[in-house]
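*Asks:* Starting from these lines, generate the structure:
(one chain, ligands or ions: 1)
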Amino acid sequence: MELTGAQILLECLKKEGVDVVFGFPGGAVLDIYHELPNFPFKHVLARHEQGAIHAADGYARATGDVGVCLVTSGPGATNTVTGIATAYMDSIPVVILTGQVPTALIGNDAFQEVDIVGITRPCTKHNYLVKDINNLAYTIRQAFYLARSGRPGPVLVDLPKDIMQQITEFKWPEDVSLRSYNPNLNPHYGQIKKVSKLIRKAERPLIYAGGGVISSGAQEDLIWLAKNLDIPVTATLMGLGGFPGDDPLWLGMLGMHGTYAANMAVNTADLVLAIGARFDDRVTGKVSEFAPNATFVHVDVDPTSIQKNVHVHVPIVADCKSFLMALRESLEPVIGATDFEVAHAGWVKQVQDWSTAHPLHYNKGGEYIKPQHVVEKIYEISKGEAIIATEVGQNQMWAAQFYKFKKPKSFLSSGGLGTMGYGFPAAIGAQIAYPDRLVVNIAGDGSIQMNIQEMMTAVANNLPVKIVILNNRYLGMVRQWQELFYDRNYSETCMDAQPDFVKLAEAYGAAGFRITEEKDLESTLKEAFATPKPAIIDVIVDPEENVYPMVPAGCSLTEMLLV
Ligand SMILES: Cc1ncc(C[n+]2csc(CCOP(=O)(O)OP(=O)(O)O)c2C)c(N)n1
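*Replies:* Numbering: from 1, shown residues only. Got it, this is the predicted structure:
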């Protein structure tokens, strides 16, 4: 069958099982947009390309499928770069399709030409410029294969306009293989034996779970391990939801804004099982003093993540789920013979005592609504079943601390890059995937202004996304650092000049609510969550509330500032 490049591209997306494309048109992708109505995808028209890429990323995080983003060349392509880097840092599978000027003009500083392949080389898993229509189908096949396999990540395909117009025979390549790319998914048997022995010997074992647990779908296997061997669990920001947040073995997140119990447990553990986590500096604090008494087992599908930040005693290159299944097989026979509940009783009691002595805490009372209380109320009203997206800053940390995530893929947050403006479009992507679920973006008044234009996307697509603004009239997290480490010099962090968010919502055709008193919090949140429209709920909170515990940058995890 003879097809144009644009038709071949869209046929390939169909074959890859794509349901939704998030995009924004322009000259270089006109041929693709011309064909789009003939194909069975939903196209979501964003209002800014950064919105499109974050929405594709949010869709990918919420579903586990590849998110797809289609934009034009030049400024359309460069507008996606922050979103691409966001997905890259958090290992999220997205395929970005960018238009490019015709091949004959490449390198000529043509109108709307940028070298997007060059620009995104350091922040994509791989990228391609298609110069021959005969390579198009196979390139798209590879792009999806790379995005979703091994350590997932963003893959960009740059598509010159003339290639989209040319005609050739469409052949779908059934198989895909790349000679230099063979991710190792299965753990080495000898290493599993070693880990199993270490676990049986350990007196104070701790599981430190990361995003790899979520992307590999390993939650059930992780629960099995923790519960059958009585091992307490902590997680990174990316790992939240990987283990139920209401389980007695759950310690909460660790690191800079982690719980007292999790940070003390890391400091005291004699065995740390790091599963799909990468020892980020926000987690380790002063790395030389991280888990000083522990033997480290590190499981990661990406070999370059292992031995990068800490010295690991048992490195295991494997998919987290495959690792946990193999470990379970090797441990099952000894479960009856060893009473792990007795063996770890003292240790489990110790970590639970830490949790009781210093739970997540904030000072109640005073004239203002406390932002932590708002998150607690969102948890209560949604019964822990919502998909929560966040912006970046204090709002993000309070969401991570006070919403007890029970299931994977229910927390969408920019961890590695910390991208303000991420949460709202990501929530739109999640709501597209799950139109009937409650999707809430917990936002700061600063961050929400970075991609507020996507309110039109939400309204146009009848998406009932809720934005709860924890409105402290500051760039709160930066103000907190200024308060603690820069003599309260609040240089350029006051956000007093701000729009009327209620009117802004209404101007877009969404619903707007404002909450200034605690007595109205519950009823107004309930009313807003029940409206079928997108809504902004502007909650005026304590302007100078801080996130605690806090480990100052460069300190060890035991040097926590508590409330
Ligand atoms: C795109 C971008 N620019 C700057 C920053 C630096 N930054 C981190 S947190 C923060 C403050 C966020 O303020 P707001 O959205 O109001 O949230 P709050 O901390 O008050 O909850 C800033 C400016 C960032 N993370 N991302």
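*Asks:* how about residue 79, what does it touch?
*Replies:* 48-50, 71 (CB atoms under 8 Å, 6 or more residues apart in numbering). Every C-beta, even on glycine, is put in place using the N, C-alpha and C of the backbone.
*Asks:* If we use 6 Å, what do you get?
*Replies:* Residue 79 makes contact with 49-50, according to CB atoms under 6 Å, 6 or more residues apart in numbering.
*Asks:* show me where the stretch 451-563 of the chain has helices.
*Replies:* In the stretch 451-563 of the chain, the segments counted as helices under DSSP state H, counting those that start in this stretch are 455-460, 476-485, 501-508, 521-530.
*Asks:* deepest of those helices, which one?
*Replies:* Of all those, helix 455-460 has the most neighbours on average by mean count of other CB atoms under 10 Å, namely a mean of 22.
*Asks:* got a list of contacts for that helix?
*Replies:* 46-47, 428, 465, 508-510, 534.
*Asks:* And the helices of the stretch 451-563 of the chain: which comes nearest the ligand?
*Replies:* The ligand sits nearest to helix 476-485 of all these, at 2.4 Å, using CB to the nearest ligand atom.
*Asks:* The closest one vs the ligand: in contact?
*Replies:* Yes: counting by CB under 6 Å from any ligand atom, the ligand has neighbours in helix 476-485: 476-478.
*Asks:* which strands and helices sit next to that helix?
*Replies:* Under the contact criterion of 3 or more CB pairs under 6 Å, 6 or more residues apart in numbering; DSSP states H and E, helix 476-485 touches no helix or strand at all.
*Asks:* Could I get the helices of the stretch 451-563 of the chain in a markdown table, plus columns for mean pLDDT?
*Replies:* Conversion of those to a markdown table gives the following (pLDDT from 0 to 100):
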| stretch | mean pLDDT |
| --- | --- |
| helix 455-460 | 98 |
| helix 476-485 | 98 |
| helix 501-508 | 98 |
| helix 521-530 | 98 |
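*Asks:* count of residues packed around residue 384?
*Replies:* The local packing of residue 384 (other CB atoms under 10 Å) involves 18 other residues.
*Asks:* Per-residue pLDDT of the residue nearest to residue 313 when sequence neighbours are not counted, please?
*Replies:* Nearest residue to residue 313 in three dimensions, chain neighbours excluded: residue 295, at 4.8 Å (CB to CB, 6 or more residues apart in numbering). Note for residue 295: predicted pLDDT of 97.
*Asks:* from memory residue 295 sits against residue 269, does it?
*Replies:* No: taking contacts as CB atoms under 6 Å, residue 295 lies outside contact range of residue 269: 9.1 Å.
*Asks:* neighbour-wise, which of these two wins?
*Replies:* residue 269 (27 against 17).
*Asks:* ok, the closest residue to that one other than its chain neighbours to residue 347 distance?
*Replies:* Distances taken as CB to CB, 6+ apart put residue 206 closest to residue 269, at 3.9 Å, once the chain neighbours are dropped. Taking CB to CB, to the nearest Å as the criterion, residue 206 is separated from residue 347 by 9 Å.
*Asks:* With neighbour numbers in mind, choose between these two.
*Replies:* The neighbour comparison of residue 206 against residue 347 (other CB under 10 Å) goes to residue 206, with 26 against 21.
*Asks:* now what about the helix or strand hosting that one, what contacts it?
*Replies:* Element membership of residue 206, judged by DSSP states H and E, is strand 205-209. By CB under 6 Å, 6+ apart, the surrounding residues in contact with strand 205-209 are 226, 231-235, 239, 242, 265, 269, 271-275, 277.
*Asks:* Direction included, what does that strand pair up with?
*Replies:* strand 233-235 (parallel), strand 271-275 (parallel) (DSSP bridges).
*Asks:* Give me the next element, helix or strand, following the first one.
*Replies:* Next in sequence after strand 233-235, counting helices and strands by DSSP H and E, comes strand 250-253.
*Asks:* Check which strands are paired with that next one and give the direction for each one.
*Replies:* As assigned by DSSP bridges, strand 250-253 forms pairs with strand 233-235 (parallel).
*Asks:* centre of the chain versus the partner strand, how much separation?
*Replies:* Centroid displacement of strand 233-235 relative to its chain, using CA atoms, centre = their mean, to the nearest Å, is 17 Å.
*Asks:* Give the rounded mean pLDDT of it.
*Replies:* 98.
*Asks:* cool, stretch 336-352 as well?
*Replies:* 91.
*Asks:* Repeat that for stretch 304-313.
*Replies:* pLDDT averaged over stretch 304-313 gives 95.
*Asks:* Show me which positions of it end up buried.
*Replies:* Within stretch 304-313, the residues that count as buried by 16 or more other CB atoms under 10 Å are 305-306, 309-310, 312.
*Asks:* where exactly do the helices run in the stretch 251-400 of the chain?
*Replies:* Counting by DSSP H, counting those that start in this stretch, the helices of the stretch 251-400 of the chain are 260-268, 281-284, 320-335, 340-343, 345-357, 371-382, 394-402.
*Asks:* And those helices: which comes nearest residue 291?
*Replies:* helix 260-268 (5.0 Å; CB to CB).
*Asks:* Can you report how many residues lie near residue 488?
*Replies:* Residue 488: 10 neighbours (other CB under 10 Å).
*Asks:* Is any residue of stretch 239-256 near the ligand?
*Replies:* No: if you take CB under 6 Å from any ligand atom as the test, stretch 239-256 misses the ligand, and the best it gets is 12.5 Å.
*Asks:* Buried ones in the lowest-mean-pLDDT helix or strand in the chain, by neighbour count?
*Replies:* Taking mean pLDDT, DSSP states H and E as the measure, the chain has helix 340-343 as its least confident helix or strand, at a mean of 89. Neighbour counts over helix 340-343 (16+ other CB under 10 Å) mark 340, 343 as buried.
*Asks:* Might you quantify the distance of it from its chain's geometric centre?
*Replies:* With CA atoms, centre = their mean as the basis, helix 340-343 stands 35 Å off its chain's centre.
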